[in-house]
Structure formats: structure tokens, C-alpha cells
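Visitor: Could you look at this predicted model? Sequence included:
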Amino acid sequence: MSGSVFICYRKDDSRHQARTVYERLEREFSGQVFFDESSILGGDAYEQTIVTRLRASKVVVAVIGPRWHELLAQKQALPRTKDYVRFELLQAASGCLPVIPVLLDGSTWAPAVQLPDDLEHLEQQHWVKLSDEHWQEGLDRLVKVVRVRLGTVLVAPGIATPSVGPRALASELSAKASSPAWASNTGKDPHGRWAEFGVDGVVQRLRWIEPGSFWMGSPASEKERFNDEQRHRVTLTRGFWLADTACTQALWQAVTGQSPSHFKGNAQLPVEQVSWDDVMQQFLPRLRQRLAGLDARLPTEAEWEYACRAGTETPFHFGAQITPAHVNYNGNYPYAGGAKGEYRKKTVPVKSLPANAWGLYEVHGNVWEWCADGYGAYPTAEITDPQGVPNAASRVLRGGSWDNDAKYCRAARRDHGSPGNRYDSIGFRLCVSSPI
């Protein structure tokens with residue numbers, strides 16, 4: 001029975017586009033997509049069928065046209081009118097189903113639009129945009145996000161994935177299908193595949209990040225952007241494992257026997273006051289010695305941003321605005337006219353704030369994260385597997401920190417520092433090459 005993906009839409013707002021979305025998703029997830037015009041048979045009890053299919057679903061795709069909110073307000077003002085779109089979204093909320101808003105040309109989403117109280121939970125949902133100019137690209141991105149939500153993150157048909165030979169592709173699929181040699185535990189959840197290793201009782205979980213293409217940097221329209229964020233297309237031809245959190249003080253001490261951090265009192269705080277040289281010359285070599293087959297490294301800058309975005313193109317993986325409920329930053333300096341918020345003046349333990357669609361925590365704020373790359377200007381054309389500037393004097397930092405203004409925590413924001421720099425706002429996130 002279809003229903004793993006439930007498509008919600010308004011017939012008088014986005015009927016044609018919703019059918020196009022359905023046809024694409026049905027090609028990718030044959031037999032798993034519910035679309036009322038194609039999935040409800042004559043004689044079926046409409047409302048009961050909706051409830052049954054939502055209970056069988058894992059994700060809701062809400063197609064939002066330019067009149068969606070206007071029609072919501074109209075039907076809200078008519079209490080005897082059954083608004084099935086609202087009914088479906090409330091049913092999804094009661095079942096804790098993730099909702100992916102799909103914005104059509106001319107439509108808007110939170111925070112600009114004021115939602116009714118019972119739909120306020122949708123305000124921070126990150127969205128996928130479908131425009132006439134980039135329609136197929138938007139559908140590709142939607143397929144990718146849905147795959148993550150369904151936990152089926154193998155190479156996705158239809159996505160602009162890298163061009164690799166049959167032997168390399170077979171090897172990639174084989175690697176994903178088996179457990180890494182270094183893993184003490186593996187599994188799959190709504191965010192996708194994960195694998196764990198342990199050092200002296202300290203466990204680190206890593207997430208599988210599939211290969212693919214994305215827009216790196218920020219569009220010219222993004223507020224408070226910097227000049228070194230020129231947008232360009234990037235393809236990553238190999239998947240990789242990325243730690244779901246910044247390296248903790250517990251893991252650093254288990255591997256190196258040292259405790260360099262300024263902030264103390266909780267071993268689950270991210271390690272800070274570690275330089276790029278410290279990571280490369282102390283932590284990674286010792287970790288590789290402890291765990292056979294673990295090709296531990298720092299992520300490239302492109303891998304970091306690709307993983308942070310998790311299929312999104314907004315300033316933050318959860319949308320266009322930021323609050324201290326989602327990110328640890330200096331709330332006295334909000335983003336793009338947002339409201340001021342809490343300034344914690346310190347790091348918070350990892351996994352304190354919501355994860356992105358790939359299950360990665362605190363990719364915005366808390367501590368800056370070292371990348372492998374040397375810092376330099378972006379390329380002007382599409383590029384595959386970028387490695388940054390070789391032999392550069394400084395190394396890339398990503399993500400922003402507890403002490404930064406909101407604009408520095410955007411997915412596209414770049415910073416850099418000398419490889420020997422140690423500050424209480426800088427840590428790192430472990431990356432592991434796939435065993436290919």
C-alpha cells in the first residue's frame with residue numbers, strides 16, 4: 001500500500017505542480033507515494049483513508065503555492081468548512097511525522113507568514129524551492145531530502161550525482177551495504193545510516209554522507225553575506241562518514257591523554273583550544289593507531305558545507321532565520337533584523353540543539369570547526385572534489401561559534417586561521433573516508 005511519502009497540497013492553489021511532484025517521487029519511490037487523486041479509489045471513505053495513509057507514512061511533502069496561506073486564513077474564518085490541508089498537517093504533527101514544505105514560485109514560508117497556533121510547529125521547517133528556472137534541480141533536491149527522511153540514502157537515481165565508472169559505482173554500493181571494519185556498532189534510523197567506534201569507553205557516532213552535487217557558497221540575495229562566498233556548483237564523487245558532533249573533550253582525552261579546553265565541567269562539551277596542527281599531528285595519528293582501518297581525517301571545506309546544508313539552500317539548514325533555541329551564538333547580534341536572544345557566553349554539550357536532516361548536531365555555532373583545506377578564493381566554474389588552496393598560509397574554519405554574531409553561523413560563512421591558532425571558540429569534527 002502506498003503511503004511512505006504523503007503529498008499534501010491545495011487543489012485550488014497547486015494541483016498541477018503537486019501532480020508533477022507526485023510523478024517524480026513515484027518514479028523514485030515506486031508504490032510508496034500517496035497522492036489523493038491517484039491513490040484514493042472510488043467508494044473509499046476520504047477522511048478515514050487520509051488518516052490510514054498518514055499513519056503508514058514516514059514523511060509529508062507539503063506543496064505550498066502562492067495562495068496557500070490566503071486559503072488557510074479563509075477556511076480558518078469559516079469554522080464549519082473542513083480544511084483537509086490543515087487536517088492532514090495536524091494529523092502529521094500528532095504522529096510526529098517530518099514535514100517538508102515545497103515552495104513554488106511566488107510562495108513564501110515562515111517567518112514572514114504568521115501561522116495559526118496549531119500549526120506554529122511548522123515555522124522552523126526547512127524547505128525546498130521549486131522555480132520555473134530550476135524546476136528539475138529543485139525536484140532532484142526534494143528527492144534527496146526524501147531519501148534521507150526514509151533512511152534510504154544509497155546513490156539516488158535522478159540526482160545530479162557524480163559520473164563514475166561501473167566498477168567504482170559497484171564498489172561504492174558494496175561499501176555502503178557493509179559495516180566498516182572499524183565500527184563497533186552500525187544501524188539505520190530516519191536520518192540515514194550510522195556507524196560508531198569506541199576508545200576507552202568513549203563512543204563516537206558517525207553519519208554516512210552520500211555523494212552528490214550542491215550549490216556551495218551563498219546567492220547574491222542572501223543577507224549579510226561576505227564577498228568570499230561566491231556561489232558555485234560542486235560535485236562530490238565519493239561518500240564519507242562524518243561525526244554527528246564536534247569532537248568532545250571526552251574523546252580528545254581518551255585519544256591523547258590531554259585536556260586543553262578552556263570550558264570545563266562536562267566531558268560532553270566540545271573540545272576547544274586545539275589547533276589545526278594539534279588535530280593533524282596528535283589526535284588523528286593516535287586515533288588511526290588505535291583503530292585499524294579507520295582512515296580518520298578532517299573534512300574538506302566542500303564536504304563540510306555539503307553535510308551542513310543536508311540538501312538545503314537557506315542561510316541555515318533549518319531555514320532563513322536563527323534563534324538560540326537552534327544555535328549557540330551571541331544572541332545580542334541577531335541575523336537580518338531578527339529578535340535578540342540568549343547569549344550563553346560558553347559552549348554547550350554536544351547534542352544540546354536540533355540536528356539537521358542528516359543527523360548532524362551543532363553544525364551552526366557552538367565552536368568553529370577546522371577543515372582540511374587551505375583557505376583561498378573559490379573557483380569561478382563548476383568543480384569536482386575541491387581540495388582548497390595547497391600550501392596556503394591559513395586553514396579553513398566553518399560553522400561559527402558561541403561568541404559570534406548570527407551572520408557568522410550561516411552555512412556559507414567562511415573563516416580561516418593559522419594552523420597553530422588555539423582559541424576557546426575553535427574545535428573540529430572528525431571525518432572518515434569510505435573504505436573504497
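Guide: Arrived safely, thanks for sending.
Visitor: What are the structural domain limits within the chain?
Guide: 5-150, 166-433 (automatic domain parsing).
Visitor: Name the spans of this protein whose pLDDT lies under the cut-off.
Guide: 1-3, 42-43, 76-81, 94-95, 109-118, 120-126, 151-178, 435-436 (pLDDT under 70).
Visitor: And stretch 408-424, end to end?
Guide: 16 Å (Cα to Cα, to the nearest Å).
Visitor: Give the buried residues for it.
Guide: For stretch 408-424, the buried set under the neighbour-count rule, 16 or more other Cβ atoms under 10 Å, comprises 408-417, 419, 421-424. Any C-beta I mention is one placed from the backbone N, CA and C, and that applies to glycine too.
Visitor: Specify which member of these is nearest to residue 24.
Guide: In terms of Cβ to Cβ, no member of the buried residues of stretch 408-424 lies closer to residue 24 than residue 411, at 25.5 Å.
Visitor: distance of the closest one from residue 320?
Guide: Going from residue 411 to residue 320 by Cβ to Cβ, to the nearest Å gives 11 Å.
Visitor: swap in residue 360?
Guide: Distance, residue 360 to residue 320, by Cβ to Cβ: 19 Å.
Visitor: Please identify which of the two sits among more neighbours.
Guide: Using other Cβ atoms under 10 Å as the criterion, residue 360 and residue 320 rank with residue 360 on top: 22 against 18.
Visitor: my guess is the more buried one contacts residue 309, does it?
Guide: No: between residue 360 and residue 309 there is no contact under Cβ atoms under 8 Å: 10.3 Å.
Visitor: mind listing the helices for the protein?
Guide: Ranges of helices within the chain are 11-28, 36-39, 46-55, 68-76, 84-94, 135-150, 166-177, 249-256, 276-278, 284-290, 301-309, based on DSSP state H.
Visitor: Skip the chain neighbours and tell me the closest residue to residue 180.
Guide: residue 195 (5.4 Å; Cβ to Cβ, 6 or more residues apart in numbering).
Visitor: pretty sure the one you found contacts residue 186?
Guide: Yes: under the criterion of Cβ under 8 Å, residue 195 makes contact with residue 186 at 4.6 Å.
Visitor: Between those two, which contacts overlap?
Guide: 179, 180 (Cβ atoms under 8 Å, 6 or more residues apart in numbering).
Visitor: picking that back up, of the domains of the chain, which stretch is the most buried?
Guide: domain 166-433 (a mean of 19; mean count of other Cβ atoms under 10 Å).
Visitor: distance between it and the chain's centre?
Guide: 11 Å (Cα atoms, centre = their mean, to the nearest Å).
Visitor: How about the contacts made by the residue sitting nearest the centre point of the chain?
Guide: For the chain, residue 310 is the residue whose C-alpha lies nearest the centre (Cα atoms, centre = their mean; 2.9 Å). Applying Cβ under 8 Å, 6+ apart, we find residue 310 in contact with 145, 148, 317, 356, 357, 358, 360.
Visitor: Good, wrapping up.
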